[in-house]
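Q: this one's sequence-less:
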């Protein structure tokens, strides 16, 4: 009996130990509430129904030689006009180029799309496309399974309220129905923050949101857009290099320098009258038809005046004002949700220059696009290259310290100081597979009741720093922010601020430019597309006549030949698309090891083809010169 009791006690103790171990393990298990990732501007491909091509950012591989040559010739012509001080002619040609590149994305005055379009709707149960939003989705899916992660796609040009009512609300309803969950979590990036804020405002009574993580959110507006609408645009020369370098480093090393050079050549000599022409003939009739341009502005009295001043279409104006009412009540909406138990967190970046086409580019602390004040929902932030000051005291008294070690941020004035994280030197919405940014977003989204004190790994203030891994490879990591010394500018005008070197404290401009912001960005993007496309030149297309061959034809036949060329190029594009699709299917069917080898072989073959095409083009050009020389000599002999 005694032995039986002892055995029973031993078994009971073992069970108790197992339960004791199992309970914390179960409690720490990740919450598998479905997660909706809501992206920002440009993150959803928009496709034209009639052509099947992506608007605004075309597939570079589909550009024909003729299209590339024509675009380069146009740019050269613009630069030539500039060199000859024909600013009016250069401006006219620049506008023509912008419309050629961007017409597919145009909107009508009422904000509707000029052409029938659709967005790619393959993100339910989240796919494997490679961009920032899918990177977040993949990171979250590692813990809760990809069946619980959804990436919402939408036409980011459109009106936010329409997007919410007609697409996001039904999308979330479907997720709840498919998963059997009565709630979802939302991780929203950039403009996705504005879309999310509208959903919370209009559908908060559904009580179907458990947690929201706002990442670099535009819910409080974008200061640069206000500058554009206020016509307060200035080219800040010393901001151009750092700005473009951040987006091109590692991809095209010379791009930042090239862009700066082209920018000066294209813009430097234009007169104010031509810039007004650019505003009147492109910026206002093109950019201001985008509902997103208006709705990404921070609502101010000036904006209300400008809606009238720029003769915005009544229907568009009405919807924009409806959205501004949502923006104005943003914090009230968050208050109501928190009372219902909804958890709200923010990630905000800082210590970077702004878009280099506004007088505030070297003043307002930002993430390269949106100011830190806006993305953090209320932080007190020192201007760039300064600190809050040695005598600064935390604005909202507390037993906690909310001032960053570098004395640049006071988080006590944030909407939610204990649930707002700051990352120094991290560019707006730059998120890649497995990087530290995607990991902190995933950590915040998956876990519940997270605060700045929850994890030693993720304190309130973090720095995005370059280090080396065990193999000596350079990688970026998040580390606690350290104290920095802001030095007084030297005689040469250089100073260091938190690891960033600037050429001046004050904003120096080499020309005041009215109404140029978006046009210049778009022109530079177009230029990059052309330069990259030129590098990816696949050589002549079979059945397409060259310019020289067309020129050699009788005049009566040239028009028909050009028409035939266009038809053949269109046919070639379809063939390329079909071949690509077929090859993708072939690769998918292969075992993983074979697929990897096949992809490598494809890349090698493509590289060899480009090399051969380049050699052929060079030889053809050389032959054309010889033929021309021979024809000239023959003519002379006659």
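A: It's in. Because the structure is a prediction, the values reported are computed rather than measured.
Q: what residue ranges in the stretch 501-638 of the chain score low on pLDDT?
A: Scanning the stretch 501-638 of the chain for pLDDT under 70 picks out 501-540, 548, 638.
Q: what residues of stretch 466-482 count as buried?
A: Residues 478, 481 are the ones in stretch 466-482 that count as buried (16 or more other C-beta atoms under 10 Å). Quick note: C-beta positions are derived from backbone N, CA and C, even for glycine.
Q: also stretch 151-161?
A: Buried residues in stretch 151-161 (16+ other C-beta under 10 Å): 151-161.
Q: so of the residues you listed, which ones are in strands?
A: Counted as lying in strands by DSSP state E, out of these, are residue 151.
Q: just the buried residues of stretch 151-161 now: which is nearest residue 634?
A: Lowest distance from residue 634 to those (C-beta to C-beta) belongs to residue 157, with 57.2 Å.
Q: right, and that closest one touches residue 292 too?
A: Yes: Residue 157 lies in contact with residue 292 (C-beta atoms under 8 Å); the separation is 5.5 Å.
Q: how close does residue 116 sit to residue 156?
A: Applying C-beta to C-beta, to the nearest Å, the value for residue 116 to residue 156 is 17 Å.
Q: how about low-confidence regions in the stretch 251-400 of the chain?
A: Scanning the stretch 251-400 of the chain for pLDDT under 70 picks out 251-275.
Q: domain map for the chain?
A: The chain breaks down into these domains under automatic domain parsing: 1-30, 35-531, 545-637.
Q: my guess is residue 447 contacts residue 31, does it?
A: Yes: applying C-beta under 8 Å as the test, residue 447 and residue 31 come out as touching, 7.1 Å apart.
Q: rewinding a little: and the domains of the chain, which is most packed in?
A: With neighbours defined as mean count of other C-beta atoms under 10 Å, the domains of the chain peak in mean count at domain 35-531, which reaches a mean of 19.
Q: got the contact list for residue 164?
A: 195, 198-199, 202-203 (C-beta atoms under 8 Å, 6 or more residues apart in numbering).
Q: I meant to write residue 398 there.
A: Counted by C-beta under 8 Å, 6+ apart, residue 398 has contacts 412, 417.
Q: which element is residue 348 on?
A: Using DSSP states H and E, the element containing residue 348 is strand 343-350.
Q: ugh, typo on my part, it should be residue 44
A: Using DSSP H and E, residue 44 sits within no helix or strand.
Q: backbone dihedrals for it, both of them.
A: Main-chain dihedrals, residue 44, degrees, to the nearest 10: phi -110, psi 120.
Q: residue 159 contacts residue 112, doesn't it?
A: No: with contact defined as C-beta under 8 Å, residue 159 does not count as touching residue 112 (9.3 Å).
Q: quick one, strands of the stretch 201-350 of the chain?
A: With strands called from DSSP state E, counting those that start in this stretch, the stretch 201-350 of the chain shows them at 209-215, 234-236, 343-350.
Q: in a markdown table: those, plus distance to residue 431.
A: Output for the strands of the stretch 201-350 of the chain, formatted as a markdown table (distance: least, C-beta to C-beta, whole Å):
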| stretch | distance to residue 431 |
| --- | --- |
| strand 209-215 | 8 |
| strand 234-236 | 27 |
| strand 343-350 | 11 |
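Q: can you say which of these is nearest to residue 580?
A: When the strands of the stretch 201-350 of the chain are compared by C-beta to C-beta, strand 209-215 sits nearest residue 580, at 32.7 Å.
Q: partners of that closest one, with directions?
A: In the sheet, strand 209-215 lines up against strand 184-189 (parallel), strand 343-350 (parallel) (DSSP bridges).
Q: out of the ones you listed, flag the one nearest residue 623.
A: Minimum separation from residue 623 across the strands paired with strand 209-215 (C-beta to C-beta) falls at strand 184-189, 52.4 Å.
Q: give the rounded mean pLDDT of that closest one.
A: The average pLDDT for strand 184-189 rounds to 96.
Q: start the count at 861, not 1, going forward
A: Sure thing, new numbering starts at 861, so read that last one as strand 1044-1049.
Q: now what about that strand, what contacts it?
A: 891, 893-900, 903, 992-993, 996, 1000, 1032, 1035-1036, 1055-1056, 1059, 1068-1077, 1289, 1291, 1301, 1304-1305.
Q: do that again at 6 Å, thanks
A: 893-900, 996, 1032, 1035, 1056, 1070-1075, 1289, 1301, 1305 (C-beta atoms under 6 Å, 6 or more residues apart in numbering).
Q: distance from stretch 1157-1177 to the middle of the chain?
A: 25 Å (C-alpha atoms, centre = their mean, to the nearest Å).
Q: actually, stretch 930-947.
A: Relative to its chain's centre, stretch 930-947 lies at 29 Å (C-alpha atoms, centre = their mean).
Q: same question, stretch 1295-1304
A: 18 Å.
Q: residue boundaries of the strands in the stretch 911-1060 of the chain?
A: Secondary structure of the stretch 911-1060 of the chain (DSSP E, counting those that start in this stretch): strands located at 977-979, 1009-1011, 1044-1049.
Q: looking at those strands, which is closest to residue 945?
A: Here strand 977-979 is closest among those (C-beta to C-beta), at 40.5 Å.
Q: what does that closest one rub up against?
A: So strand 977-979 is contacted by 904, 906-908, 1013, 1015 (C-beta under 6 Å, 6+ apart).
Q: what's the nearest residue to residue 1298 if we skip its chain neighbours?
A: Spatial nearest neighbour of residue 1298, excluding adjacent residues (C-beta to C-beta, 6 or more residues apart in numbering): residue 999 at 4.2 Å.
Q: oops, could you answer that again for residue 967 instead?
A: residue 1149 (4.1 Å).
Q: quickly note the distance from the one you found to residue 1319.
A: For residue 1149 relative to residue 1319 (C-beta to C-beta), the value is 44 Å.
Q: same check, this time on residue 1414
A: Where residue 1319 is concerned, residue 1414 sits at a distance of 76 Å (C-beta to C-beta).
Q: also residue 1084?
A: As for residue 1084, its distance to residue 1319 is 30 Å (criterion: C-beta to C-beta).
Q: residue 903 now?
A: 29 Å.
Q: and what of residue 1407?
A: 62 Å.
Q: circling back to that earlier point, between the strands of the stretch 1061-1210 of the chain, which gets nearest to residue 1247?
A: strand 1203-1210 (12.2 Å).
Q: need the residues that contact that closest one.
A: Residues outside strand 1203-1210 that contact it (C-beta under 6 Å, 6+ apart) are 1071-1075, 1194, 1225, 1227, 1232, 1235-1237, 1276, 1279-1284, 1286, 1304.
Q: these in helices, which ones?
A: By the criterion of DSSP state H, membership of the contacts of strand 1203-1210 in helices covers 1194, 1232, 1235, 1304.
Q: want to throw those into TSV with distance to residue 912?
A: As requested, these are exported to TSV (distance: C-beta to C-beta, whole Å):
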residue	distance to residue 912
1194	41
1232	41
1235	36
1304	38
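Q: find the nearest non-adjacent residue to residue 1166, please.
A: residue 1089 (5.2 Å).
Q: per-residue pLDDT, the one you found?
A: On pLDDT, residue 1089 comes in at 91.
Q: and it, how close does it get to residue 1081?
A: Distance from residue 1089 to residue 1081, by C-beta to C-beta: 11 Å.
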